[in-house]
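A.B. asks: Build me a model:
(chains A and B)
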Amino acid sequence: MALSTASNFAKPDDAFRAVVEAHRGLSEKDSADLDAALVLILANHIGDITVLREAITLAKGRMIDSVQQQQQQQQ
Amino acid sequence: MVQVNPGQGASHAKVQFGYHRHGDQDRAAPAEHPVVVVGAGPVGLSFAIDLAQRGHAVVVLDDADRIGEGSRAICFSKRSLDYWDRLGVGDRMVDKGVVWNVGRIFHGPSELYQFNLLPEPGHKRPAFINLQQFYAEAYLVDRVNELPEISLRWRNKVTALEQRNDRAVLTIETPDGPYRLSARYVVACDGARSSLRQMVGAGFSGKVFEDQFLIADVKMTAEFPTERWFWFDPPFHAGRSALLHRQPDDVWRIDLQLTPDCDPQVEKKPENVRPRIARMLGHDEFEFEWISIYKFQCRRMQRFIHGSVIFAGDSAHQVSPFGARGANSGLEDAENLSWKLDRVLRGTSPSQLLETYHIERSAAADENIRESTRATDFMAPVSAQEARLRKAVLSLAKETEFGKRMVNGGRLSVPSVYETPLSTADAEEWQGGPCPGTSMLDAPLKATDGRHLHLTDAFNVLGRRFTLLAFANGGDVDAPDEVGVVRIDGDDGFADAEGFAGKRYDAKPGTAYLLRPDGYVAARFRHPTRAAIAAAVARASGLN
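C.D. replies: Have a look, this model is predicted:
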């Protein structure tokens, strides 16, 4: 796997916090706009289509999990 | 020469041809022909000229007797111009056409960036010319009329096709009633609504875009740079995209994106189009030549060969127009097919060589469909999130290099790269240069008599057969007899006066490229032997 899923930040809380604070006070729409720009900026910085595809797969796994959870709750 | 009447507006024929009865129509049994081409558009005519120049008799049938109905294809690529040079019509196209290399992309009122499609000097032809399709067709018909090998028959409509073991029999309707022709090969260049495709029972599936586009040709005398201008969300057409392109005769092509739910008949009315275009141009001093509304489609046939019938151009594949990949890819089809069919008809290659036409050109069609689908999706995002991502790209493009490169206002046609069984894989080290399966690159040369020419000229003079491009190393290169040789440097070779040839081909003394008859690289060598060249020629001819 080309995508690194080890913990790469010395202070992971700082990284998470930076993203959270970037969204503070924004409307849903502005938050979505910010995320879209952020994704493209970071994707370009990574500059490796294999890594990007693996990241998309990993992220999409959440969607499948949440769909399964919903289904389980409905049962 | 064919007379073109450019000023008569959209509803008039630009060129009118006469129907002539042919002796074949008086025969009891169908006349036998090696090749019948159906469709006298740019692809069918170019293909017929190519095959005729290779010495074959060709019948060309067209159900109409006129050229007209708007400019249609307008952007012809460098690759197409190189091909038309080989067919003897390049100069006329370029002399009439509008030469352009620069495109600009705007977002709202401001320019995002500009690009130059041919930033390097040393090419015979520009990146693109703009020329109305009716001019291109008229010049091709003039060339056809110089070639006694071609029988061009207007108002000959194919109404039935019968495939036999090794030929096809066509039933043709004419003003004098029906007749039949028998052909070893039928080449169907009869456009996106191909009736031949229906006759072989082949499907034509793909993607239809919901957004509608209004295409107008307007005539105006205006000061405006000869460039391709593309707008996202322009002030004169909020929330949509627009394209402005110059053609000869002071005619401008305008593409405006419309909403999916608009009524084309209403939008198409000149009184509704006029104010929109007046806002775009900033004045009202223009007249309409042609207005049309399209929904774009990207689709292709599963197989380009059905028995004795071979499909080329829009009949085989259709793309949206952003990228100039329609007519240009059709012309690449024609060039790819003609040298192969020439060899098969002569018996110097087995008929299986034709299968590589399908392999190479269907892969090219996939690439063209992928590129034009991406461009069309970028122009007309299909969901709120896609629109959001596009908005992010457009805003990032103002500040960042990567954002500019993600903006997709159409990726313009470049020659396809073939992964093909006809190529011989590199066995040596290369730091650059066109790899096998890639189209040849042009470069300026100087002949021993001081005359300036281009590599593409030298290739044409040799007759577009298998050609070795050999960079001298003191001795003569030992090439098989059927292979032409373009020698660069050395005592009797062309001088690489400006150094472009050596650089573009990563050349060292002894380097040689084997070019196919369509100008694609079949193999390359640092120090070729006669045996290695012969093996590469055999492979590229479908002989092993």
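A.B. asks: Every contact and neighbour count from this point should use C-alpha atoms.
C.D. replies: Fine.
A.B. asks: is whichever strand or helix holds B:Ala375 anywhere near chain A?
C.D. replies: According to DSSP states H and E, B:Ala375 maps onto helix B:353-379. No. Interface with chain A: helix B:353-379 contributes nothing (CA under 8 Å from any CA of the partner chain), its closest point being 14.8 Å away.
A.B. asks: For the next helix-or-strand element following that helix, the averaged confidence score.
C.D. replies: Going down the chain from helix B:353-379, the next helix or strand is helix B:384-399, by DSSP H and E. The pLDDT scores in helix B:384-399 average 94.
A.B. asks: which outside residues touch helix B:384-399?
C.D. replies: With contacts defined as CA atoms under 8 Å, 6 or more residues apart in numbering or on different chains, helix B:384-399 is touched by A:32-33, A:36-37, A:40, B:107, B:112, B:378, B:381, B:403-407.
A.B. asks: In the helix holding B:Ala375, which residues are buried?
C.D. replies: Across helix B:353-379, burial judged by 16 or more other CA atoms under 10 Å in any protein chain shown covers B:353-366, B:368-369, B:371-379.
A.B. asks: Just the pLDDT for residue 16.
C.D. replies: Using chain A. At A:Phe16, pLDDT is 98.
A.B. asks: I was after chain B.
C.D. replies: pLDDT, read off for B:Gln16, is 87.
A.B. asks: likewise B:Gln8?
C.D. replies: 53.
A.B. asks: What helix or strand is the residue in chain A that chain B sits nearest to located in?
C.D. replies: In chain A, the residue that lies nearest chain B is A:Ala37 (4.9 Å; CA to the nearest CA). Element membership for A:Ala37 (DSSP H and E) is helix A:28-46.
A.B. asks: Okay, angle between that helix and helix B:384-399 too, please.
C.D. replies: 60 degrees (axes from the mean of the first three to the mean of the last three CA atoms, to 10 degrees).
A.B. asks: Run through the neighbouring helices and strands of helix A:28-46.
C.D. replies: Helix A:28-46 sits against helix B:384-399, with contacts defined as 3 or more CA pairs under 8 Å, 6 or more residues apart in numbering or on different chains; DSSP states H and E.
A.B. asks: Mind listing what's buried along the helix it packs on?
C.D. replies: Buried positions in helix B:384-399, judged by neighbour count with 16+ other CA under 10 Å: B:Ala387, B:Arg388, B:Leu389, B:Arg390, B:Lys391, B:Ala392, B:Val393, B:Leu394, B:Ser395, B:Leu396, B:Ala397.
A.B. asks: Let me see the contact set for the residue nearest to the spatial centre of chain A.
C.D. replies: Nearest to the mean C-alpha position of chain A, by CA atoms, centre = their mean, lies A:Ala59 at 6.3 Å. For A:Ala59, no contacting residues are found, by CA under 8 Å, 6+ apart.
A.B. asks: separation between it and A:Ser7?
C.D. replies: 16 Å (CA to CA, to the nearest Å).
A.B. asks: For the residue nearest to the centre of chain A, pull up the helix or strand it's in.
C.D. replies: Per DSSP H and E: helix A:49-74 holds A:Ala59.
A.B. asks: Check B:Asp211 too.
C.D. replies: In the assignment (DSSP H and E), B:Asp211 maps to strand B:205-219.
A.B. asks: What of B:Asn473?
C.D. replies: Here B:Asn473, judged by DSSP H and E, is contained in no helix and no strand.
A.B. asks: chain center to the strand holding B:Asp211: distance?
C.D. replies: 20 Å (CA atoms, centre = their mean, to the nearest Å).
A.B. asks: circling back to that earlier point, highest neighbour count among the contacts of helix B:384-399?
C.D. replies: The most crowded member of the contacts of helix B:384-399 is B:Val407, carrying 23 neighbours; neighbours defined as other CA atoms under 10 Å in any protein chain shown.
A.B. asks: Now do the same contact list for that one.
C.D. replies: Contacts of B:Val407 (CA under 8 Å, 6+ apart): B:Val393, B:Leu394, B:Ala397.
A.B. asks: Could you count how many residues lie near B:Ala327?
C.D. replies: Other residues within reach of B:Ala327, judged by other CA under 10 Å, total 25.
A.B. asks: For whichever helix or strand B:Leu51 is part of, which outside residues touch it?
C.D. replies: Using DSSP H and E, B:Leu51 falls within helix B:42-53. Here helix B:42-53 makes contact (CA under 8 Å, 6+ apart) with B:37-39, B:57-60, B:84, B:87, B:133, B:136-137, B:140-141, B:143-144, B:147, B:149-150, B:187-190, B:312-313, B:327, B:330-331, B:333-335, B:338-339, B:342.
A.B. asks: Return a selection command, for use in PyMOL, containing the buried ones of these.
C.D. replies: In PyMOL syntax, the buried subset of those is picked out as below (16+ other CA under 10 Å):
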select buried, chain B and resi 37+38+39+57+58+59+60+84+87+133+136+137+140+141+143+144+149+150+187+188+189+190+312+313+327+330+331+333+334+335+338+339+342
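A.B. asks: Among the contacts of helix B:42-53, which ones are in strands?
C.D. replies: The strands, defined by DSSP state E, take in B:Val37, B:Val38, B:Val58, B:Val59, B:Val60, B:Ile150, B:Val187, B:Ala188 from the contacts of helix B:42-53.
A.B. asks: Can you add pLDDT and give those residues back as TSV?
C.D. replies: Listed next are these as TSV, based on pLDDT from 0 to 100:
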residue	pLDDT
B:Val37	98
B:Val38	98
B:Val58	98
B:Val59	98
B:Val60	98
B:Ile150	98
B:Val187	98
B:Ala188	98
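A.B. asks: quick one, what contacts the closest residue to B:Arg524 other than its chain neighbours?
C.D. replies: Leaving aside its sequence neighbours, B:Arg524 sits nearest to B:Tyr513 (CA to CA, 6 or more residues apart in numbering or on different chains; 4.3 Å). Residues near B:Tyr513 by CA under 8 Å, 6+ apart: B:Leu468, B:Leu469, B:Ala470, B:Val521, B:Ala522, B:Ala523, B:Arg524, B:Phe525.
A.B. asks: so which two of those residues are the farthest from each other?
C.D. replies: B:Ala470 and B:Ala522 (13.8 Å; CA to CA).
A.B. asks: Could you check which of the two is surrounded by more residues?
C.D. replies: Ranked by neighbour count (other CA under 10 Å), B:Ala470 and B:Ala522 place B:Ala522 first, with 32 against 28.
A.B. asks: Tell me where the model's unsure across chain B.
C.D. replies: Within chain B, the segments meeting pLDDT under 70 span B:6-13, B:68-71.
A.B. asks: Domain parsing of it, as residue ranges.
C.D. replies: Split into domains by automatic domain parsing, chain B comes to B:15-97+B:131-204+B:300-369, B:444-540.
A.B. asks: how about CSV for those, with distance to B:Phe232 added?
C.D. replies: CSV is the format used below for the domains of chain B (distance: least, CA to CA, whole Å):
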stretch, distance to B:Phe232
domain B:15-97+B:131-204+B:300-369, 14
domain B:444-540, 36
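A.B. asks: for chain A, what are the nearby residues on chain B?
C.D. replies: Residues of chain B lying close to chain A by CA under 8 Å from any CA are B:Arg388, B:Leu389, B:Ala392, B:Val393, B:Leu396, B:Phe402.
A.B. asks: Check which helix or strand B:Arg184 maps to.
C.D. replies: strand B:179-188.
A.B. asks: can you state the direction angle for that strand and helix B:42-53?
C.D. replies: Going by the same axes, to 10 degrees, strand B:179-188 makes 100 degrees with helix B:42-53.
A.B. asks: can you give me the helices in chain B?
C.D. replies: B:42-53, B:78-86, B:90-96, B:133-145, B:195-199, B:264-267, B:270-281, B:327-346, B:353-379, B:384-399, B:401-406, B:455-461, B:500-504, B:530-540 (DSSP state H).
A.B. asks: Could you check how many residues crowd around residue 5?
C.D. replies: Picking chain A for this. By other CA under 10 Å, neighbour count at A:Thr5 equals 9.
A.B. asks: The chain in question should be chain B.
C.D. replies: Neighbour count of B:Asn5, defined by other CA under 10 Å: 15.
A.B. asks: Check whether it really touches B:Arg66, as I assumed.
C.D. replies: No. Checked against CA atoms under 8 Å, the pair B:Asn5 and B:Arg66 is beyond contact range at 11.6 Å.
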